[in-house]
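J.: Predicted coordinates and the sequence they were generated for:
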Amino acid sequence: MTDTSHVPAEVPPNVAGRPAGRRTVLFGTGAAVAGLAVGACTTTEPSPTATATPTATATATGDVCTLTKELTEGPYYLDGQLVRADITDGKAGIPLKLSLTVVDADTCEPLPDALVELWHSDALGEYSGFVGRNGHDEPDNGTFLRGGVLTDSSGVAAITTVYPGWYRGRCIHIHVKVHTNVTPTSDGHFTGGQEIHTGQLFFDEKVTDAVARVTPYSTNSVTRTTLAQDSIYDEGGATSGLLTLTGTTSTGYTGTLTLGVER
């Protein structure tokens, strides 16, 4: 049985469409990555003996789209994240480039200028702003592996990060929020907007098995919780949050997913 005695209680999902109030997001820099059109993809094998075939979600088929499942925000969210295309902040790990397409679940139309923000743990399972919760003592600048970007005209948010690690009681995952109607300010910040989606992104176990054998992930001494053991993944991640991954541990991975949201 997985030890969850040190895991903070998860909080209920946010209500879609609530105002963001006085929320402020810092504006950073970074090169954008080319977007991917809405549609399913086939996963590239991470090693010669394993094949990962995640299910793509919210793809347009006969003008019918799938609403991506809302999942818990969790205890590690921090307001005021940097808006930037690269959230790595120098963290060690296998490169991961994400291409997330945001579409209106009712019309299948892409949503441009939606703010997509992500946050996740490093290879040792630590979140910036909360370092030490997974038993590791390391520098904490409060910003590593946090941030987000505005979607382009095709509804694509392209973000560069590293493959996440794991901590007690949870499978490997990335947290995501989507906001619309954010307002840029003269000093390079964003305020206001509507929070329309809170969810999580998940990773195929065969890919994660390969990653877990590579440094620095192999130095994480915490027992890893699998997708099958994770109750939050079971709540809806299997049908609406599993990334399509291509690449290898040596070259890095590209992850794609379409998020169907309600405005």
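T.: Structure received. Numbers count the residues shown, from 1 in each chain.

J.: pLDDT below threshold where in this structure?
T.: Confidence mapping of the chain against pLDDT under 70 gives the ranges 1-64, 184-189.

J.: For it, just list every one of the helices.
T.: Taking DSSP state H, the helices of the chain run over residues 205-212, 231-232, 238-240.

J.: what would those look like in a markdown table with distance to Leu82 and mean neighbour count?
T.: C-beta: built from backbone N, CA, C; applies to glycine. Rendered in a markdown table, the data for the helices of the chain read as follows (distance: least, C-beta to C-beta, whole Å; neighbours: other C-beta atoms under 10 Å):
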| stretch | distance to Leu82 | mean neighbour count |
| --- | --- | --- |
| helix 205-212 | 25 | 21 |
| helix 231-232 | 26 | 15 |
| helix 238-240 | 27 | 17 |
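
J.: could you dump these to a markdown table with distance to Gly90?
T.: Output for the helices of the chain, formatted as a markdown table (distance: least, C-beta to C-beta, whole Å):
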| stretch | distance to Gly90 |
| --- | --- |
| helix 205-212 | 19 |
| helix 231-232 | 29 |
| helix 238-240 | 32 |
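
J.: can you tell which of these is closest to Thr248?
T.: Proximity of those to Thr248 was assessed by C-beta to C-beta; the nearest stretch is helix 205-212, lying at 7.8 Å.

J.: Now do the strands in the stretch 51-200 of the chain.
T.: Ranges of strands within the stretch 51-200 of the chain are 82-83, 95-104, 115-119, 146-150, 156-162, 173-180, 183-184, 190-191, 194-202, based on DSSP state E, counting those that start in this stretch.

J.: can I get these in CSV with distance to Ala212 and mean neighbour count?
T.: As requested, the strands of the stretch 51-200 of the chain are exported to CSV (distance: least, C-beta to C-beta, whole Å; neighbours: other C-beta under 10 Å):
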stretch, distance to Ala212, mean neighbour count
strand 82-83, 29, 20
strand 95-104, 15, 23
strand 115-119, 21, 25
strand 146-150, 23, 24
strand 156-162, 14, 24
strand 173-180, 15, 23
strand 183-184, 40, 12
strand 190-191, 36, 17
strand 194-202, 15, 24
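
J.: I appreciate the help and will end here.
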